[in-house]
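1. here you go, sequence then predicted model.
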Amino acid sequence: MHPREFVAFVAALMAVNALGVDLMLPALADIGHQLNIATANHRQWIITAYMLGFGAGQLVYGPLADRFGRRPILFATLAGFVAASIFAAGSQTFGALLGARVLQGLMSASTRVLAVAIVRDRFAGRQMARTLSVAQMIFFLVPILAPGLGQLLLGIGPWRFIFYALAGFAAFVLVWAATRLDETLPVERRSPLSFASLGRAYRLTLTNRFSAGYALAAALTFGGIIAFVSSAQQIFVDEFGAGERFTLLFALCAFSMGCASFANSRLVERLGTRLISQAAVLGLIALSVVHLGVIGSGHETLVTYMIFQALSMTCIGLCGSNFGAMAMEPVGHIAGTASSIQGFITSVGAVAVGSLIGQSYDGTTWPLAIGYLCIGLAVLAVVLVVEDGRLFRPLHAA
C-alpha cells in the first residue's frame with residue numbers, strides 16, 4: 001500500500017470497532033422500548049457487553065497473529081463480525097442481543113490488536129505514535145458521523161438496519177484487506193505457538209513497567225470515553241432536553257478528540273510522547289476540579305457541560321496513541337502478543353472504569369465530572385510510578 005492508503009486502511013480497521021459502539025447510540029431508546037429493557041441505565045449494557053467481548057477477545061488474536069501472520073486472522077474475524085452483526089439484527093430478546101453484542105466484540109477485538117501490530121511491524125517510537133495519531137484522526141471522524149448516520153438509518157427503517165449496516169462496512173474492509181494489504185509479518189519473524197513462548201511473552205509484557213504501566217494508564221483514560229459514550233444520550237436528552245440536537249452535540253465532543261489526534265500527529269515527533277501525554281493528564285485534572293466547582297455552584301448548563309466535556313476529551317485524546325506507543329516500545333519484537341495483552345488490560349480495565357461511572361448516572365453531571373477527576377489522579381499516580389517520580393523526561397527517544 002501507498003503510505004496514505006496504509007493510514008486510511010488502519011483507520012478503517014479501527015472504525016469497525018468505533019461503529020460497533022457509536023452507530024446505535026440514537027437507537028438505544030427504540031431498542032429499549034421494543035425489547036422491554038427495564039431502565040435507561042440498563043440500556044448501557046448494549047455498549048458494555050460489546051466492550052467486554054472486545055476486551056476478552058484481544059488475548060487470543062495476538063499470539064495467533066504472531067504465529068500465522070496478520071492477514072489470515074484478520075480475514076477470519078472480519079467474516080465473524082459480519083455474521084455476528086446479522087445475528088444481532090435478528091435478535092428478539094434483550095438477552096439474545098447482548099449475546100450477539102459480546103460476539104461482535106469478540107470478533108472486532110482483532111481490529112485493535114492487528115491495527116497496532118501492523119503499524120508496529122513497520123514503525124517504532126515517535127514514528128509509530130505519529131502514524132497511529134494520523135490514523136486515529138481519521139478514525140475519530142467515525143464518532144462524529146456515526147450517530148448522525150444511525151439517526152439516518154432509523155429514518156429509513158427499524159433499529160435492526162443499523163446492524164445490517166455494520167455487517168456491510170465490515171465486509172467492505174474485508175474485501176479491501178484481501179485485495180490490497182500485504183502480509184507485514186515475514187515468516188522468519190513468526191513465533192511458535194506454544195505455552196513456553198506465550199509464557200515468555202506474557203512475562204515480558206506484564207513485568208516491564210513501561211509496557212504494563214502505560215497499558216494501565218490507557219485503560220483509565222479509555223474508561224473516561226466509555227463512561228461518556230454510555231451515558232451521553234441520558235445526559236443530553238434526559239438532563240438537558242437536547243434530544244433533537246443529540247447527534248450534533250455528541251459529534252462536537254468527538255470532534256475535539258479528532259483535533260487532539262491531529263495536533264498530536266504534528267507535534268509528537270518534535271515534543272515527544274511523554275511531554276504531550278503527561279501535560280494532558282495534568283490538564284484533565286485541572287479541568288475536572290474547575291468543572292466540579294461550576295456544578296457545585298449551581299451554574300452548570302448545557303453550554304458549560306459541552307465546554308468542559310470537549311476540553312476533557314481533548315486531554316484524553318492526547319493520551320491515547322502516546323500511551324499506546326510508549327507501552328509497545330519495549331516489546332516491539334513480540335508486537336502481536338504484546339498488543340493482545342495490553343489491549344486486554346486497556347479494554348477490560350476501561351469497561352470496569354466506564355461502567356462504574358456510567359451506572360452511577362443519577363440525572364446530573366456530577367458522576368462524570370467526579371469520575372474524570374479520579375481518572376486523572378489515578379493516571380498521574382501510575383505515570384509517576386512508571387517514570388520513577390519524574391515527569392516530562394525523554395526516554396528511548398520517545
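-> Okay, I see it. Predicted model, so just to flag it, every value in this text is computed and none were measured. Residues are numbered from 1 along each chain as shown.
2. how much space between I307 and G20?
-> Separation of I307 from G20 (CB to CB, to the nearest Å): 29 Å. Glycine gets a C-beta too; all of them are placed from N, C-alpha and C.
3. neighbour-wise, which of these two wins?
-> G20 (29 against 14; other CB atoms under 10 Å).
4. tell me which residues in the one helix or strand that one maps to are buried?
-> Counting by DSSP states H and E, the element that carries G20 is helix 3-22. Buried residues in helix 3-22, defined by neighbour count with 16 or more other CB atoms under 10 Å: 6-22.
5. check contacts around the nearest residue to L149 once chain neighbours are set aside.
-> Closest residue to L149 apart from its sequence neighbours, by CB to CB, 6 or more residues apart in numbering: L23 at 6.5 Å. Shown in contact with L23 (CB atoms under 8 Å, 6 or more residues apart in numbering): 146-147, 149-150, 153, 162, 165-166.
6. can you spell out which helices and strands pack onto the helix holding G20?
-> Judged by 3 or more CB pairs under 8 Å, 6 or more residues apart in numbering; DSSP states H and E, helix 3-22 is in contact with helix 45-68, helix 70-89, helix 94-122, helix 125-139, helix 141-156, helix 160-180.
7. lowest-confidence stretch among those helices?
-> Looking at the helices and strands packed on helix 3-22, the lowest mean pLDDT belongs to helix 125-139 (a mean of 70).
8. quick revisit: quick one: closest of the helices and strands packed on helix 3-22 to A327.
-> helix 94-122 (9.4 Å; CB to CB).
9. and the closest one, what does it pack against?
-> For helix 94-122, the packing partners by 3+ CB pairs under 8 Å, 6+ apart are helix 3-22, helix 45-68, helix 70-89, helix 125-139, helix 302-328, helix 335-358.
10. list the buried residues of the second one.
-> Residues 45-67 are the ones in helix 45-68 that count as buried (16+ other CB under 10 Å).
11. in this structure R393 contacts R274, no?
-> Yes - R393 is within contact range of R274, at 6.6 Å (criterion: CB atoms under 8 Å).
12. those two: which has the busier surroundings?
-> Under the criterion of other CB under 10 Å, the comparison of R393 against R274 puts R274 first, with 20 against 11.
13. count the neighbours of the closest residue to the more buried one other than its chain neighbours for me.
-> Leaving aside its chain neighbours, R274 sits nearest to F392 (6.1 Å; criterion: CB to CB, 6+ apart). Applying other CB under 10 Å, we find 14 residues neighbouring F392.
14. tell me the contacts of F195?
-> With CB under 8 Å, 6+ apart, F195 has no contacts at all.
15. from I276, how far out is it?
-> From F195 to I276 the distance is 39 Å (CB to CB).
16. and S194, by the same measure?
-> S194 is 39 Å from I276, by CB to CB.
17. thinking again about what came up before, which member of the contacts of L23 is positioned nearest S321?
-> Distance to S321 across the contacts of L23 (CB to CB) is lowest for A146, with 19.9 Å.
18. now that closest one, nearest residue through space, not along the chain?
-> Among residues not flanking A146 along the chain, D22 sits closest, at 3.8 Å (CB to CB, 6+ apart).
19. about what we covered before: any idea which of the helices and strands packed on helix 3-22 gets closest to S230?
-> Comparing the helices and strands packed on helix 3-22 by CB to CB, helix 45-68 comes nearest, at 5.1 Å.
20. report all helices and strands that the closest one contacts.
-> Counting contacts by 3+ CB pairs under 8 Å, 6+ apart, helix 45-68 is packed against helix 3-22, helix 70-89, helix 94-122, helix 195-207, helix 209-233, helix 335-358.
21. in a markdown table, list the ones you listed along with distance to T247.
-> Formatted as a markdown table, the helices and strands packed on helix 45-68 follow (distance: least, CB to CB, whole Å):
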| stretch | distance to T247 |
| --- | --- |
| helix 3-22 | 10 |
| helix 70-89 | 21 |
| helix 94-122 | 21 |
| helix 195-207 | 39 |
| helix 209-233 | 10 |
| helix 335-358 | 19 |
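22. so where's the stretch 201-350 of the chain shaky on pLDDT?
-> Scanning the stretch 201-350 of the chain for pLDDT under 70 picks out the ranges 336.
23. please redo it, this time with the cut-off set to 80
-> Applying pLDDT under 80 to the stretch 201-350 of the chain flags the ranges 243-244, 258, 261-262, 265, 321, 332-337, 339-340.
24. which pLDDT value goes with L368?
-> At L368, the model reports a pLDDT of 95.
25. mind listing what's buried along the strand or helix carrying it?
-> Element membership of L368, judged by DSSP H and E, is helix 366-386. Along helix 366-386, these residues count as buried under the neighbour rule (16+ other CB under 10 Å): 366-376, 378-380, 382-383, 386.
26. got a list of what the closest residue to D182 other than its chain neighbours touches?
-> In space, and not counting its chain neighbours, D182 is closest to M1: 7.3 Å by CB to CB, 6+ apart. By CB under 8 Å, 6+ apart, M1 lies in contact with 9, 180-182.
27. again, only this time at 7 Å
-> By CB atoms under 7 Å, 6 or more residues apart in numbering, the contact set of M1 is 9, 180-181.
28. can you redo those residues as CSV with distance to A286?
-> Output for those, formatted as CSV (distance: CB to CB, whole Å):
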residue, distance to A286
F9, 37
R180, 44
L181, 42
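29. noted, bye for now.
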